[in-house]
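> Mind folding the following:
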Amino acid sequence: MKRMFFALLLPGLVCSVLQAQTAWEFGNEFVREALRTSPELLAKRADSDIAHQKTRNSLGAMLPSIDFQSRYTRAGGGREITFDVNDFMPPSVLPVDVPTSVIPFLRPEEHETKLSFQQPLFVGGSLYHSWRAQKMALSAEHASLKAREAEIAYRTRAAWFNWLSARELVQVSLEDTLLAAEQLRSASARVEQAMANSAELQRARAALADARANWIDASTREQLALTALNRLLGRPLLREPDVPVLSADLPEEALPLESVLSLARADRGELHQLEQQGRSLGHYQSAATGTFLPTLVAAGEYGYQGEEYKFDNDHDYYTLSLVMKWNLFDGFRKNAKREQVVLQRRQLQDTQHDVELAIEQDVTRAWLNNRSSRMKHAAAEEARLAAAENYRLVKALYDEGMASQVELLDAQTTRTRASTREIAARYGAWIAQADLWRSIGHVFEEDNNE
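Predicted coordinates for the structure are as follows:
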């Protein structure tokens with residue numbers, strides 16, 4: 001049992017000797033993995049790809065359209081056109097009757113091969129503004145993706161710190177189990193030597209059973225925390241990551257609240273998304289206004305026609321057209337569409353103001369939690385040191401027969417509770433730091449330099 005006890009303490013001893021990564025620095029690797037493999041982010045990236053293709057489609061509407069077309073037709077029946085030239089010429093001109101000509105209305109066989117183009121020259125700016133609106137919509141999708149990345153990063157870090165906390169709590173519960181087993185052995189020896197009664201032995205047995213139960217609960221919570229982390233990473237749920245020696249450092253103190261709020265206003269993806277959506281609606285409004293103006297389109301064709309496939313100067317043709325179209329009345333549909341966009345812009349402005357207030361509240365809450373988490377850890381660390389010293393003193397008195405078993409168990413319980421609170425407070429401070437970064441809209445350290 002003593003060998004197992006020292007084996008459990010070895011990582012802590014090594015941690016005090018070696019220069020180790022902080023939990024945050026090592027957790028960044030998990031964040032990068034989650035950003036690559038998260039199905040939620042893959043779906044968001046697909047939305048960005050779709051928006052990119054819509055932008056390309058809007059740009060293509062301003063470029064010329066060129067088509068190649070080939071047609072071959074066989075026809076039968078239909079009416080015929082009879083033409084008798086003798087009815088138009090006097091006998092002095094035509095001494096002999098000319099046979100009547102019969103011209104079919106439909107050609108029995110015909111082909112047409114042509115190349116045509118169409119180029120919008122003026123459409124009231126609707127094509128241009130539609131393209132710009134799609135570009136702004138694409139930027140909005142990118143901003144939405146950035147906001148989702150910050151959320152995934154926070155969830156991954158929180159799951160990582162929760163697992164580390166659960167893992168350390170397993171160590172604490174195991175140490176308590178080993179100590180309880182040692183106390184049971186000591187109590188048994190004392191009873192055999194008539195230095196204690198059987199009640200002390202039973203209390204030691206109950207303490208060991210209770211410690212074992214806590215150990216089982218802590219192990220189960222550690223496995224559940226591990227499944228939560230691995231699910232975000234897309235790994236097998238019970239696969240434990242290879243974790244190096246981690247330092248016990250706490251996160252650095254946050255910037256002043258006003259500085260944090262300024263960073264959030266500049267970097268929160270939701271604000272950028274709403275801003276780009278507003279610009280997109282502005283271009284849509286301009287495009288809707290442009291539909292009230294006439295359109296001007298240039299078109300042309302060049303090809304070959306005939307009853308046989310002959311591509312020569314006797315069978316070619318071309319046409320050039322300049323087409324103007326001006327819709328004078330469409331049942332007020334264009335006006336309704338424009339007014340709809342105007343109302344959407346007003347609605348978006350109200351939404352933007354509400355989101356700004358919500359983000360300010362979110363950042364303030366995260367900043368206050370970040371500050372209080374440090375204070376809570378400082379108090380928890382002080383309590384842990386005091387409880388550890390109290391246990392050492394009571395244990396020494398107990399070994400000398402000057403303290404009761406009840407006092408020893410109470411000191412051990414107090415030490416365990418203080419250690420548990422210190423672990424929870426330490427990783428709670430890291431989770432609060434991750435939440436503050438999420439509220440700002442940052443994922444990694446380099447985001448501060450954007």
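> which residues touch residue 233?
Counting by CB atoms under 8 Å, 6 or more residues apart in numbering, residue 233 touches 30, 33, 34, 37, 156. Every residue, glycine included, has its C-beta placed from N, CA and C.
> For the second one, give me its contacts.
So the one you mean is residue 33. residue 233.
> What helix or strand is it located in?
helix 23-37 (DSSP states H and E).
> pLDDT averaged over that helix - what is it?
With pLDDT averaged residue by residue, helix 23-37 scores 93.
> same question, stretch 154-168
Mean per-residue pLDDT for stretch 154-168: 96.
> So which residues make contact with it?
Stretch 154-168 has contacts (CB under 8 Å, 6+ apart) with 23-24, 27, 30-31, 34, 218, 221-222, 224-226, 228-229, 232-233, 243, 246, 423-424, 426-427, 430-431, 434-435, 437-438.
> out of those residues, which are inside helices?
Counting by DSSP state H, the part of those found in helices is 23-24, 27, 30-31, 34, 218, 221-222, 224-226, 228-229, 232-233, 423-424, 426-427, 430-431, 434-435, 437-438.
> just checking, what packs against the biggest strand by length in the chain?
Longest strand in the chain, counting residues (DSSP state E): strand 109-122. On a contact count with 3 or more CB pairs under 8 Å, 6 or more residues apart in numbering; DSSP states H and E, strand 109-122 meets strand 65-74, strand 295-306.
> of the contacts of stretch 154-168, buried ones?
Buried members of these, scored by 16 or more other CB atoms under 10 Å, are 23-24, 27, 30-31, 34, 218, 221-222, 225-226, 228-229, 232-233, 246, 423-424, 426-427, 430-431, 434-435, 437-438.
> Beyond the helix holding residue 33, next helix or strand please.
According to DSSP H and E, the helix or strand after helix 23-37 is helix 39-60.
> What helices and strands are in contact with that next one?
Contact analysis of helix 39-60 by 3+ CB pairs under 8 Å, 6+ apart lists helix 126-192 as its packing neighbours.
> relative to strand 295-306, how tilted is the helix it packs on?
Interaxial angle of helix 126-192 relative to strand 295-306 (axes from the mean of the first three to the mean of the last three CA atoms, to 10 degrees): 100 degrees.
> now stretch 337-357, how far from the centre of its chain.
24 Å (CA atoms, centre = their mean, to the nearest Å).
> CA atoms only: put it into CSV for me.
What follows is stretch 337-357 as a C-alpha-only set of coordinates in CSV (Å, rounded to 0.1, in the frame of the first residue of the first chain):
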residue,chain,number,x,y,z
LYS,A,337,-40.0,44.2,-52.5
ARG,A,338,-38.1,47.4,-51.8
GLU,A,339,-40.2,48.3,-48.8
GLN,A,340,-39.6,44.8,-47.5
VAL,A,341,-35.9,45.3,-47.6
VAL,A,342,-36.3,48.7,-45.8
LEU,A,343,-38.2,47.0,-43.0
GLN,A,344,-35.6,44.3,-42.7
ARG,A,345,-32.9,46.9,-42.3
ARG,A,346,-34.8,48.6,-39.5
GLN,A,347,-35.4,45.2,-37.9
LEU,A,348,-31.7,44.4,-38.1
GLN,A,349,-30.7,47.7,-36.5
ASP,A,350,-33.0,46.9,-33.5
THR,A,351,-31.5,43.4,-33.3
GLN,A,352,-28.0,44.8,-33.5
HIS,A,353,-28.6,47.1,-30.6
ASP,A,354,-30.0,44.3,-28.5
VAL,A,355,-27.0,42.0,-29.4
GLU,A,356,-24.6,44.8,-28.4
LEU,A,357,-26.2,45.0,-24.9
